[in-house]
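1. A structural model of the following input is requested.
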Amino acid sequence: MKTIFNYFFRGLLFIFPLFATFYVIILLANWLDDSFSSLLYTWLPVQIPGLGIITAFFMIVFLGFMITRAVSKPLFTYFEEFVTRIPIIKILYTALKDFTEAFVGDKKKFNRPVIVSLVDGVDRVGFITEDDLSLLKIHNRVAVYCPHSYNFSGNLFLVDPSRVKPLDVNPTDAMKFAVSAGVTNIHIEEEN
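-> Okay, the predicted model is just below:
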């Protein structure tokens with residue numbers, strides 16, 4: 001009986017992350033497809049599966065193209081200025097925009113993994129997001145973001161630079177390590 005449970009848990013360890021990943025992707029794909037399909041199907045007499053996803057993809061690509069072109073840049077700059085004048089929307093929009101840019105934009109912030117010594121014998125994996133905190137009138141501190149495990153959240157610590165030690169690993173591997181509660185293997189970058 002113990003062997004059967006052992007096989008079951010081994011199978012579960014394989015299938016659960018695979019299933020969860022595909023489940024989230026399918027939920028997102030269905031949401032995109034349903035959202036854009038309802039718009040498109042009012043114009044088309046036939047339903048084409050996946051047309052909403054394809055439309056969403058090309059709309060995002062077109063929007064990215066328009067934002068990067070000099071002709072339409074002033075228009076998007078004006079739109080952003082307008083959005084940032086609305087009190088509550090400003091906070092949400094700028095926070096989400098900055099957070100997104102930290103991962104994929106020109107201002108990538110999660111590219112400097114570190115070990116932070118919080119108290120004697122207790123360290124955390126984090127990422128230096130800001131070296132200069134003089135804007136907040138804080139000196140001799142750096143901003144270190146420490147992601148939570150199995151969650152899309154984390155804590156921001158203002159740490160004395162002497163308590164921060166750079167990690168010589170790929171930032172993506174460091175993020176996977178922190179988010180997976182340390183169960184993901186980190187591949188150390190080898191110098192050529």
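
2. what is the mean pLDDT for the lengthiest strand in the chain?
-> Counting by DSSP state E, the longest strand found in the chain is strand 122-130. Summarised as a single mean, pLDDT over strand 122-130 is 86.

3. Quick check: bridge partners of residue 158?
-> For residue 158, the beta-bridge partners are residue 143 (DSSP bridges).

4. Next one: it relative to residue 141, how far apart?
-> 4 Å (C-beta to C-beta, to the nearest Å). (Each C-beta comes from the backbone N, C-alpha and C, glycine too.)

5. out of the two, which sits in the busier spot?
-> residue 141 (18 against 13; other C-beta atoms under 10 Å).

6. what sits against residue 184?
-> Residues near residue 184 by C-beta atoms under 8 Å, 6 or more residues apart in numbering: 173, 176, 177.

7. can you rerun that using 6 Å?
-> 176, 177 (C-beta atoms under 6 Å, 6 or more residues apart in numbering).

8. Am I right that it is in a strand?
-> No - under DSSP: H, G, I helix; E, B strand; the rest coil, residue 184 sits outside any strand and is assigned coil.

9. Check the spacing between residue 163 and residue 119 real quick.
-> Taken as C-beta to C-beta, the span from residue 163 to residue 119 is 10 Å.

10. can you map out the strands along the protein?
-> 113-119, 122-130, 142-147, 154-159, 164-166.

11. weakest of those strands in terms of mean pLDDT?
-> strand 154-159 (a mean of 82).

12. domain ranges for the chain?
-> 2-83, 113-179 (automatic domain parsing).

13. re the thing from before, most tightly surrounded among the strands of the chain?
-> Neighbour counts (mean count of other C-beta atoms under 10 Å) averaged over each of the strands of the chain peak at strand 142-147, with a mean of 21.

14. Now find how far off-centre that strand is within its chain.
-> Its chain's C-alpha centre and that of strand 142-147 lie 15 Å apart, by C-alpha atoms, centre = their mean, to the nearest Å.
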